[in-house]
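In: Fold the following for me, if possible:
(4 chains)
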2 protein chains.
Amino acid sequence: MNQGVKVKGEGDADSGDQPRSASDRVAAAIVKEIRMGRLVPGQHLLEPELTSRLGISRGSLREALKHLAADGIVTLSRFRGAYISALDRKAVYDLLDTLEPLARLAARRAAEMNTSKQKAKELQASALRLEELQGSGKRGDYLTERRYFYDLLIEMGGNGELARVIPLSRADLFRAQVETRQSEAQRRRHAHGYRLIAAAVMDGDAKKADQLMGEHFAGTRETMDQLADEVFPAA
Amino acid sequence: MNQGVKVKGEGDADSGDQPRSASDRVAAAIVKEIRMGRLVPGQHLLEPELTSRLGISRGSLREALKHLAADGIVTLSRFRGAYISALDRKAVYDLLDTLEPLARLAARRAAEMNTSKQKAKELQASALRLEELQGSGKRGDYLTERRYFYDLLIEMGGNGELARVIPLSRADLFRAQVETRQSEAQRRRHAHGYRLIAAAVMDGDAKKADQLMGEHFAGTRETMDQLADEVFPAA
DNA sequence: TCAGATAAAATCGTCAAACATTATTGACCC
DNA sequence: GGGTCAATAATGTTTGACGATTTTATCTGA
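Out: Sure thing, here's the model as predicted:
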């Protein structure tokens, strides 16, 4: 059996530099617009409007929407179209419970793979930028930098599966939804957590990086507990 | 800003009973064929062949392939098409590292939510079927039952995010790749692990369910260590 | 005026056909 | 056998079409 099947593994990894397809570009554009606040949770995405604005065909757009729906960023409803997902309180806690062990794994692995001090420095630089951007009012820039921080952390760990699975885009959505509703102190604590984590990674202290990420999530849960119900859509 | 945006949350959850789209059916069909061994890792998926065999248009097929690529089940290479992903050794260990904390979370939550004894019994029944199917030679049936076991475990936990994130289909792919290469003892241990987990869930012993799932993964890693290199594609 | 029924418009899901771009194949030549 | 180049096949993307369904607008009657 299986005669003459050409095996194409994953090690090829030529997927990094090949030009992205139209649907990938569209998906990235939509996630970016969410971070920037131009698309808000609950918003209805109309195919005619998007195809004309982004200059692509319906087919490519639908591929992108399918992708985003798989990531949980948009919700597809038959014959009613695509909506930017809105996370209710339970969905947020579920997201945090799921994201936490993955983020801790990422932090641990990044600290263990301390081969590249270059990347670790970049991580610290990103953490510093986060503390600067926090409170500057540039919400979109803060969220974009935060996403970069996580992408870097995961890349450092070198676990390709984690990079595929960890719901960072969904976390973007969650952050975009609650970011403006937090107090100054809450925002400051959040940004400061990243600097502590980056320092532990730089030190190669995997156990501490893991623990700090856990405390970071504990802080986020505390913040969520304090948020008013109006932040979340009706259950 | 954001004037007049109708908020559509996720609580609606009417997505359960609405008829599946063509692309969803196709994606499910392909995953099933992988479990059944009719599609093997590394195999090239040709659009003309699939559209005619499955009776759908190219557009719908491409949506399905995009979905599967997001799940890491097929690898898309520009202008060269879709291949069933082949996991090399590192990818397998990465998958196990990522999957383990999620599976433990699922087991813990399922044990905590011990409201529905009905579901717990179903879980135990599934575990029993797994021990029967193990060694029966019905590889496809075993993998399908195993997938059902995990789906049930996750559903019991009630964490929707976990259900979206956990890479079960990728685990299916991994299992399909190595299942026939395991020894009788390895297969028996694997199947038996599920029964122990189901029992802990039934008892509502979250800590034990978590720990047992961890041991289950330790066993799987041990099995992987013992497998020959020929099982995996060239790095 | 307003609630309910009806018609019209808009939108989605799917398919079919077409064209441009790229990879693969195979003939040809040395 | 190895290399060059045209023919072939497959993919990426677009456009147009049609039925199904939802949403919006209009009309009616109380």
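
In: low pLDDT regions in chain A?
Out: By pLDDT under 70, the low-scoring segments of chain A are A:1-18, A:235.

In: which non-adjacent residue is nearest the residue most central in space within it?
Out: When chain A is reduced to its mean C-alpha position, the nearest residue by Cα atoms, centre = their mean turns out to be residue A:168, at 2.3 Å. Nearest residue to residue A:168, sequence neighbours excluded (Cβ to Cβ, 6 or more residues apart in numbering or on different chains): residue A:150, at 5.5 Å. (Glycine included, C-beta is placed from N, CA and C.)

In: Pull the contacting residues for the one you found.
Out: Residues in contact with residue A:150 (Cβ atoms under 8 Å, 6 or more residues apart in numbering or on different chains) are A:103, A:106, A:166, A:168, A:171.

In: pretty sure residue A:121 is touching residue A:202, no?
Out: Yes. Between residue A:121 and residue A:202 a contact is recorded at 7.4 Å, counting by Cβ atoms under 8 Å.

In: More neighbours: which of the two?
Out: residue A:202 (19 against 12; other Cβ atoms under 10 Å in any protein chain shown).

In: quick one, domains of chain A?
Out: Following the assignment in automatic domain parsing, chain A carries domains at A:22-84, A:89-231.

In: Quick check on the residue nearest to residue A:141 when sequence neighbours are not counted: phi, psi?
Out: Nearest non-adjacent residue to residue A:141, counting by Cβ to Cβ, 6+ apart: residue A:133, 5.4 Å away. The phi/psi pair for residue A:133 (degrees, to the nearest 10) reads phi -70, psi -30.

In: Residue A:133 is in contact with residue A:144, isn't it?
Out: No. The criterion here is Cβ under 8 Å, and residue A:133 misses it with residue A:144 at 9.1 Å.

In: Buried by neighbour count: which residues of the helix or strand where residue A:197 lies qualify?
Out: Assigned by DSSP states H and E, residue A:197 belongs to helix A:184-203. By 16 or more other Cβ atoms under 10 Å in any protein chain shown, the buried positions in helix A:184-203 come out as A:186-187, A:189-202.

In: would you say residue A:82 is within a strand?
Out: Yes. Under DSSP: H, G, I helix; E, B strand; the rest coil, residue A:82 sits within a strand.

In: List the residues that contact it.
Out: With Cβ under 8 Å, 6+ apart, residue A:82 has these contacts: A:44, A:45, A:47, A:65, A:68, A:69, A:74, A:75, A:76.

In: now these: which count as buried?
Out: For those, buried by 16+ other Cβ under 10 Å: A:45, A:65, A:68, A:69, A:74, A:75, A:76.

In: For residue B:173, see how far away the second one is.
Out: I take that to be residue A:65. Separation of residue A:65 from residue B:173 (Cβ to Cβ, to the nearest Å): 25 Å.

In: relative to helix A:184-203, how tilted is the longest helix belonging to chain A?
Out: Secondary structure of chain A per DSSP state H: the longest helix is helix A:89-112. Relative orientation of helix A:89-112 versus helix A:184-203 (axes from the mean of the first three to the mean of the last three Cα atoms, to 10 degrees): 30 degrees.

In: what helices or strands is helix A:89-112 leaning on?
Out: helix A:139-157, helix A:160-165, helix A:168-178, helix A:184-203, helix A:206-226, helix B:89-112, helix B:160-165 (3 or more Cβ pairs under 8 Å, 6 or more residues apart in numbering or on different chains; DSSP states H and E).

In: can I get the CA coordinates of the first one in PDB?
Out: By that I understand helix A:139-157. Taking Å, rounded to 0.1, in the frame of the first residue of the first chain, the C-alpha atoms of helix A:139-157 are listed here in PDB:
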ATOM      1  CA  ARG A 139      -4.600  51.400  22.300                       C
ATOM      2  CA  GLY A 140      -4.100  49.900  18.900                       C
ATOM      3  CA  ASP A 141      -0.300  50.300  19.200                       C
ATOM      4  CA  TYR A 142      -0.300  48.700  22.600                       C
ATOM      5  CA  LEU A 143      -2.200  45.700  21.400                       C
ATOM      6  CA  THR A 144       0.000  45.300  18.400                       C
ATOM      7  CA  GLU A 145       3.100  45.400  20.500                       C
ATOM      8  CA  ARG A 146       1.600  43.000  22.900                       C
ATOM      9  CA  ARG A 147       0.900  40.600  20.100                       C
ATOM     10  CA  TYR A 148       4.400  41.000  19.000                       C
ATOM     11  CA  PHE A 149       5.600  40.100  22.500                       C
ATOM     12  CA  TYR A 150       3.700  36.900  22.500                       C
ATOM     13  CA  ASP A 151       4.700  35.900  19.000                       C
ATOM     14  CA  LEU A 152       8.300  36.500  19.900                       C
ATOM     15  CA  LEU A 153       8.000  34.500  23.100                       C
ATOM     16  CA  ILE A 154       6.500  31.600  21.200                       C
ATOM     17  CA  GLU A 155       9.000  31.700  18.400                       C
ATOM     18  CA  MET A 156      11.800  31.600  21.000                       C
ATOM     19  CA  GLY A 157      10.400  28.400  22.500                       C
END
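
In: buried residues in stretch A:33-41?
Out: So stretch A:33-41, judged by 16+ other Cβ under 10 Å, has buried residues A:33, A:34, A:35, A:39, A:40, A:41.

In: I'd like the distance between the residue nearest to residue A:219 when sequence neighbours are not counted and DNA strand D.
Out: Of all residues not flanking residue A:219 in the chain, residue A:189 sits nearest, at 5.5 Å (Cβ to Cβ, 6+ apart). Distance, residue A:189 to DNA strand D, by Cβ to the nearest atom of the strand, to the nearest Å: 41 Å.

In: picking that back up, return the residues in contact with the residue nearest to residue A:141.
Out: Neighbouring residues of residue A:133 by Cβ under 8 Å, 6+ apart: A:141, A:142, A:145, A:191.

In: Okay, the third one and residue A:27: tell me how far apart.
Out: Summarising the geometry, the distance separating residue A:145 from residue A:27, computed by Cβ to Cβ, is 20 Å.
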